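Undergrad: A predicted structure for the sequence below; I have some questions about it.
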Amino acid sequence: MDRMKKFLEALEEYDGALITPGSNLYYLTGMAPQATEERLFLLVVNKNGESVLIAPKLYENEVEWENVVFWGDDEDPYEVLERVLSSLNLKSGRILVEDTMRASFLIRIEQLLEGYTFYPLSAVTKEMRMRKGEKEIRLMKKAAEIADKVFYEIINRDLVGKTEKQVALEIEFLIRELADGVSFSPIVASGKNAANPHHSPGERKIRRGDFVILDFGARYKGYCSDITRTVAIGYANEKLKEIYEIVKEAQERAFQSVREGIKAKEVDMAARNYIASKGYGEYFIHRTGHGLGLEIHEEPYISQTNERVLENGMTFTIEPGIYVPNLGGVRIEDDVVVEKKGKRLTNAERELIIL
Ligand SMILES: CSCC[C@H](N)C(=O)N1CCC[C@H]1C(=O)O
């Protein structure tokens, strides 16, 4: 069934939806306009399935929608919106609003729509998007293969003496050659910096003895991959080697626990309990993984508290890590799809590689 049709069926308890560009608009309509930023680009939908697209005039040759009203830079888009709302008979009720809509749009819309209660659009779309179809999984597999390929390309280069920033840029360049873009800004964290899970690549030069966390992903036809590997440079410090083996085993245990019908929190606990049993519990400072799809982070989150039951077609990461301040860190991450059991989409080497 067409996604928009399914969305309208799920709309039951709501009176309409206001959808600005982002992953939901793309998921429902295939539209992904670039750089709409401060210009109002809005799909207005009512529960009868009638919709009007309000779009800036500079997208005139690009967008296709049955009912569309273009507005020029010399016009007030909210006057257009007022007319559209009345033509769709949207006068009061419960309305879904794209979660990432700019506050400046929402504030103006609230002034136009007195008597409405707003709800996040994700209340409906997250349920639809969580289970991927065959085509979506094929695209995610392709994004994952690109991530594997980029990993091998980057470790075949001499990283010693390069700054984290340079390596991040090289990774980004490699991804952009093979995919539509990056799924997030690559993380390159070397030496002590690897103790920060979301380290921003900086001016530190990579040197012998470092463990380096490389965390990046590709976006392919909208779908994201996300991979992390930790490599040693020149030789492996004994303590970090021990930590590496613990993280590798924790990742494997979490992966082996995946099956249809298990709760997300059970996958988290498979990794977390193992790391705790080895005495490093306090150094595993984030959830074990997150859902992956059109967004780099989406449902289902693989956290200690998530009661969500895993179903076939759900896709997420498994990425335990241990981060020891003033020493460094190790993280190993794969993308996984539930197909009765778990199946890895990323497959780059997980044994410790010493470059
Ligand atoms: C979107 S930036 C972070 C990408 C990374 N692979 C990631 O998702 N994480 C790194 C540490 C934990 C995990 C997270 O939940 O943020």
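TA: Arrived safely, thanks for sending. Numbers count the residues shown, from 1 in each chain.

Undergrad: next, Thr317: secondary structure please.
TA: What DSSP: H, G, I helix; E, B strand; the rest coil gives for Thr317 is strand.

Undergrad: and for Lys205, the neighbour number?
TA: Neighbours of Lys205 under the rule other CB atoms under 10 Å: 14. Bear in mind the C-beta positions are built from the backbone N, C-alpha and C, glycine included.

Undergrad: quick one, phi psi at it?
TA: Backbone geometry at Lys205, expressed as degrees, to the nearest 10, gives phi -90, psi 140.

Undergrad: so what's it up against?
TA: When contacts are counted by CB atoms under 8 Å, 6 or more residues apart in numbering, Lys205 touches Gly161, Lys162, Thr163.

Undergrad: within reach of the ligand, which of the residues you listed are there?
TA: Counting by CB under 6 Å from any ligand atom, the subset of those that neighbours the ligand is empty.

Undergrad: from the residues you listed, pick the one nearest the ligand.
TA: Distance ranking of the contacts of Lys205 against the ligand, using CB to the nearest ligand atom, places Thr163 first at 19.6 Å.

Undergrad: just the pLDDT at Asn61, thanks.
TA: pLDDT recorded at Asn61 is 95.

Undergrad: quick check: it vs Thr29, distance?
TA: Asn61 sits 17 Å away from Thr29, going by CB to CB, to the nearest Å.

Undergrad: one more: Val188?
TA: Here Val188 is placed at a distance of 36 Å from Thr29 (CB to CB).

Undergrad: do Glu9 as well
TA: With distances taken as CB to CB, Glu9 is found 16 Å from Thr29.

Undergrad: skipping adjacent residues, who's closest to Glu127 in space?
TA: Setting aside the residues directly before and after it, Glu127 is nearest to Ala10 in space (CB to CB, 6 or more residues apart in numbering), at 7.2 Å.

Undergrad: ok so, going back, looking at Val188 and Thr29, which is more packed in?
TA: Using other CB under 10 Å, the more surrounded residue of Val188 and Thr29 is Val188, with 30 against 20.

Undergrad: buried residues of the helix or strand that the more buried one is a member of, list them for me.
TA: For Val188, the enclosing helix or strand under DSSP states H and E is strand 187-190. The neighbour-count check on strand 187-190 (16 or more other CB atoms under 10 Å) flags Ile187, Val188, Ala189, Ser190 as buried.

Undergrad: now do stretch 219-227
TA: Neighbour-count burial for stretch 219-227 [16+ other CB under 10 Å]: Arg219, Tyr220, Gly222, Tyr223, Cys224, Ser225, Asp226, Ile227.

Undergrad: which SSE is the closest residue to the second one other than its chain neighbours in?
TA: This means Tyr220. Once flanking residues are discounted, Tyr220 sits nearest to Ala143: 3.9 Å by CB to CB, 6+ apart. Assessed by DSSP H and E, Ala143 sits inside helix 134-155.

Undergrad: the ligand contacts on this protein?
TA: Neighbours of the ligand within the chain, by CB under 6 Å from any ligand atom: Phe184, Pro197, His198, Asp215, Asp226, Thr228, His286, Arg287, His290, Ile296, Glu319, Glu333.

Undergrad: next SSE downstream of the helix or strand in which Val44 is found?
TA: In the assignment (DSSP H and E), Val44 maps to strand 42-46. Remark: after strand 42-46, the chain's next helix or strand is strand 51-56, criterion DSSP H and E.

Undergrad: need the contact list for the most centrally placed residue in the chain.
TA: Nearest to the geometric centre of the chain sits Ile296, at 0.9 Å (CA atoms, centre = their mean). Contact analysis of Ile296 by CB under 8 Å, 6+ apart lists Ser183, Phe184, Gly217, Cys224, Asp226, His290.
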